[in-house]
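# Can you look at this prediction? I've put the sequence above it.
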Amino acid sequence: MIAGLLLLAAAASHKVGAGVTPIQKVLQMMDEMVAKGEKEKHEEQVAFASFASFCKNTIDEKEASIKKAKAEIEQLKADILKAQADQEKLANEIAVLTENIGGWEKDKANLTEIRAAEKADLEELHKDLVDSIAATKRAVETLKAQLPSGFLFLQKVATLKRLPPKAKRTIMAFLSSNDRQEPDPLSVTAPEAAAYEFQSGGVVEMLEKLDGKFGDELHDLEKKMIVAGQDFTIQIQELINQIEQATDESELKTKVKAERAQDEASAKGDLATTENDLATDTKYLKDLITECDQKAKDFENRQMLRKDELVAINKAIEIMSSDEVMGTGEKHLPQFLQLKSTKSSMSMLRSSADAPLRKKLVSFLSQRAKETRSRLLAHLASRAAAGGPFDKVKKMIKDMIVKLMEEATEESEHKGWCDTEMGTNKQTREDKADAVSTLTAESEELDAKISKLGDEIAELSDAIAEIDAAVAEATALRTKEKAKNEVTIEEAKVAQVAVAKALTVLQEFYAGAAQATAFVQQDPASDAPATFNKPYTGMGGSNTGVVGMLEVIQGDFARLETETATAEAQADEEYTKFSDDSSQDKAVKSMDLENKNKDKTTAESDLLSTKKDIEATQVELDAALAYYEKLKPSCVDAGLSYDERVRMREEEIESLQESLKILGGEDIA
């Protein structure tokens, strides 16, 4: 029996050097794990709330952008079809005008040709009439003068084309009846007039009538020539006017057709750009939804794991704090009696007369209350100084820690909501104020096209800024998550080693206790008290609960290490993919931004005017300002800032945790 007690004392002395028993050390470690698990669970909730807010805002923005892009694509397709239809219609109209111009040019050429032939005929007829009149007059004059040359002129009259047949017969009869040799008019010696017999009275009268008739015909012909010339001029001018009008109309339609072709090309360019943006935003949204869903599932799994872990640890604490473990140890293990004079946590918690520990706790809490100006710590110091069991003080401290963490969670959620609302409101106020200023300054300078390009450039800039912000935020989250995962993995490894050591100590202790008991049982009458009806087996009966729990904890740490490493690799892969997609999206939008800036610069040379509804924007700005006034009472720090409250709360939690360590018998800095 003595040998068994010595073995128990030797095993316990492995931890006694620190002032606590192995059971107390396990309890203390589990208490610290509970506090740490709750803290990390809270931090994870805060981090995921920020991530969830990012997911919601970004998904809403991308969905709105995709919806807008789809509407623009439908409009651009309709514009392209309308431009193509206009071009086809104009081409048909131009073809008709070209055909008409060709027909009128041909009519003009034909009319000119006909006019030239007609004019030649009339001029020839005019010449013939003039010659006929001249010949007739000459013949009349010579015949009246009874000149021999009269027969020559009369013969010439007889050959005129326009001479009526009856007149020609009369002249020929006259010439025949006076058939004689007519003197040569060029002869130097002219025959005398008396030599000629003059019987031409009827012929002269006929010639005079012919002269009058030819004169009338010449007058009618000259009148006809004038009328024909005027008709030709009118017809030609009408054709020229039709040709010029059709040519002008054709040139105008050709210009409009070219403009519609340019409109079609511009719309196709915008369509290609918008479709590219739509594809990029769609892919980005798909990847973002996948990542957000995966993160949400991971968060739920991690929260459930942490919850289960805390339940298991609390259960282990409950088991190890029970009378079956703690009570039996106090009752039967001499180490607990021998260590009463030391400052072990169990003896201090069980002895209300051990004032130094209470004094140390009260001094620590008072000092920290003064340093942090915490009324909570001051109140706790007062309660601790008032006396009472330390179990109640310890429970009160744990309750305070839980309450502070719950307050931190609530305030963090409210802070997140305030940050989102205040940030959105601030952006709205700044955007609306800038819009009012811009619209007021440029209302007479910018046209609708530049306004559209400006809006698109602003959207692209915002999108690029959002991508940069998202990447920065994701990078910060990834860095923080990676650091925390590395710490978690390292701590899990350390905890596994620690639990393994604890298991080794307990297993060696219980193995030694079993052997000692077996040795004692060989001679129960010598060593066993007479009152015992069975030999003392030490803590062997609690071996299964303690060691089993420690093995479970060790397995949990191993699983935590593995799952954290797996989650870290998966998160790193997701972050890399997200970063690559964001870079590609940013490159596409940067190119679009550059192109639209060029389009805007070109358009600024042709800008005419623009109109904006300043009053509506001012109303929105006033509404944003009014909403800001409503947010200020609950979201704008009137006293302590959020960071100061978080710092004070963290200091209070840290002080409470250190108080638990004091109650556990540890020395703190």
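Yep, that arrived.

# give me every residue that touches residue 250.
Neighbouring residues of residue 250 by CB atoms under 8 Å, 6 or more residues apart in numbering: 94, 97-98, 101. Yep, even glycine has a C-beta here, placed from its N, CA and C like the rest.

# redo that, cut-off 6 Å
94, 97 (CB atoms under 6 Å, 6 or more residues apart in numbering).

# And it, what's its pLDDT?
On the pLDDT scale, residue 250 is placed at 91.

# In which helix or strand does it reside?
In the assignment (DSSP states H and E), residue 250 maps to helix 201-321.

# just the strands in this protein please.
With DSSP state E as the criterion, the chain has no strands.

# Which parts of it belong to which domain?
Annotated domains of the chain cover 90-261, 355-445+606-669 [automatic domain parsing].

# any chance of those domains in TSV, with distance to residue 311 too?
Compiled in TSV, these are given as follows (distance: least, CB to CB, whole Å):
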stretch	distance to residue 311
domain 90-261	74
domain 355-445+606-669	14
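
# Can you say which of those domains is nearest to residue 79?
Among the domains of the chain, domain 90-261 comes nearest to residue 79, with 10.2 Å by CB to CB.

# So what's the gap between the closest one and the chain middle?
How far domain 90-261 lies from its chain's middle: 87 Å, per CA atoms, centre = their mean, to the nearest Å.

# Give me the distance between the two termini of it.
End-to-end distance of domain 90-261 (CA to CA, to the nearest Å): 11 Å.

# which ones are touching the closest residue to residue 385 other than its chain neighbours?
Counting by CB to CB, 6 or more residues apart in numbering, residue 362 is the residue found nearest to residue 385 once chain neighbours are left out, at 4.5 Å. Neighbour list for residue 362: 381, 384-385 [criterion: CB under 6 Å, 6+ apart].

# Now a ChimeraX select for only the buried ones of the residues you listed.
The buried residues among these can be selected in ChimeraX (16 or more other CB atoms under 10 Å) with this line:
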select :381,384
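
# Filter the contacts of residue 362 down to just the ones in helices.
Cross-referencing the contacts of residue 362 against helices under DSSP state H gives 381, 384-385.

# In the stretch 451-600 of the chain, where is pLDDT below threshold?
Low-confidence segments of the stretch 451-600 of the chain (pLDDT under 70): 503, 506-507, 509-549, 552, 554.

# Name the surrounding residues that touch stretch 260-280.
69, 72-73, 76, 79-80, 83, 86-87, 585, 588, 592.

# Make CSV out of the residues you listed and add distance to residue 60 and neighbour count.
Below are the contacts of stretch 260-280 laid out as CSV (distance: CB to CB, whole Å; neighbours: other CB atoms under 10 Å):
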residue, distance to residue 60, neighbour count
69, 15, 20
72, 19, 18
73, 20, 16
76, 24, 20
79, 29, 17
80, 31, 18
83, 34, 21
86, 39, 17
87, 41, 18
585, 17, 23
588, 21, 18
592, 21, 21
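
# between those, which is closest to residue 58?
Nearest member of those to residue 58, counting by CB to CB, is residue 585, at 11.6 Å.

# The closest one contacts residue 284, correct?
Yes - in this structure, residue 585 is within contact of residue 284 by CB atoms under 6 Å, at 5.1 Å.

# for the helix holding residue 250, the distance to its chain's centre please.
Per CA atoms, centre = their mean, the centroid offset for helix 201-321 relative to its chain is 29 Å.

# about what we covered before: would you mind giving the ones in helices among the contacts of residue 362 as JSON lines with pLDDT added?
Listed next are the ones in helices among the contacts of residue 362 as JSON lines, based on pLDDT from 0 to 100:
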{"residue": "381", "pLDDT": "74"}
{"residue": "384", "pLDDT": "71"}
{"residue": "385", "pLDDT": "71"}
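
# Relative to residue 581, which of the residues you listed is nearest.
Taking CB to CB as the measure, residue 581 lies nearest residue 381 of these, at 55.0 Å.

# which residues touch that closest one?
Residue 381 is in contact with 362, 365-366, 369, counting by CB under 6 Å, 6+ apart.

# Can I get those in a markdown table including distance to residue 288?
Formatted as a markdown table, the contacts of residue 381 follow (distance: CB to CB, whole Å):
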| residue | distance to residue 288 |
| --- | --- |
| 362 | 54 |
| 365 | 48 |
| 366 | 52 |
| 369 | 47 |
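
# any chance of those residues in CSV, with pLDDT too?
Listed next are the contacts of residue 381 as CSV, based on pLDDT from 0 to 100:
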residue, pLDDT
362, 78
365, 76
366, 78
369, 75
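
# Of all pairs in those residues, which one is the farthest apart?
Spatial extent of the contacts of residue 381 (CB to CB) is set by the pair 362 and 369 at 10.3 Å.

# What residue, apart from its backbone neighbours, is nearest residue 45 spatially?
Residue 45's closest residue in space is residue 409 (CB to CB, 6+ apart), at 6.3 Å.

# Low-confidence bits of the stretch 51-200 of the chain, can you list those?
143-158, 161-162, 166-168, 173-200.

# If we use 80, what do you get?
131-132, 134-200 (pLDDT under 80).

# so where do the helices sit in it?
For the stretch 51-200 of the chain, helices defined by DSSP state H, counting those that start in this stretch occupy the ranges 149-158, 165-177.

# I'd like to know how many residues surround the closest residue to residue 249 other than its chain neighbours.
What sits nearest to residue 249 in space, not counting adjacent residues and going by CB to CB, 6+ apart, is residue 97, at 5.9 Å. Using other CB atoms under 10 Å, residue 97 is surrounded by 20 other residues.

# and residue 97, what does it touch?
Contacts of residue 97 by CB under 6 Å, 6+ apart are 246, 249-250.

# okay, the residues you listed in a markdown table with distance to residue 420 next?
Shown next, in a markdown table, are the contacts of residue 97 (distance: CB to CB, whole Å):
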| residue | distance to residue 420 |
| --- | --- |
| 246 | 67 |
| 249 | 62 |
| 250 | 63 |
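
# Tell me the one of those nearest residue 620?
Relative to residue 620, the closest of the contacts of residue 97 is residue 249; by CB to CB it sits at 49.3 Å.

# just checking, residue 34 touches residue 315?
No - contact criterion CB under 6 Å: residue 34 and residue 315 do not qualify, at 11.0 Å.

# And those two? Which one has more around it.
Remark: of residue 34 and residue 315, residue 34 carries more neighbours, 19 against 13, as counted by other CB under 10 Å.

# which non-adjacent residue is nearest the more buried one?
Spatially, and ignoring its direct neighbours in sequence, residue 34 is nearest to residue 313 (5.4 Å; CB to CB, 6+ apart).

# Out of the domains of the chain, flag the one nearest residue 43.
Closest approach to residue 43 among the domains of the chain (CB to CB): domain 355-445+606-669, 9.4 Å.

# starting at the chain centroid, how far to the closest one?
33 Å.
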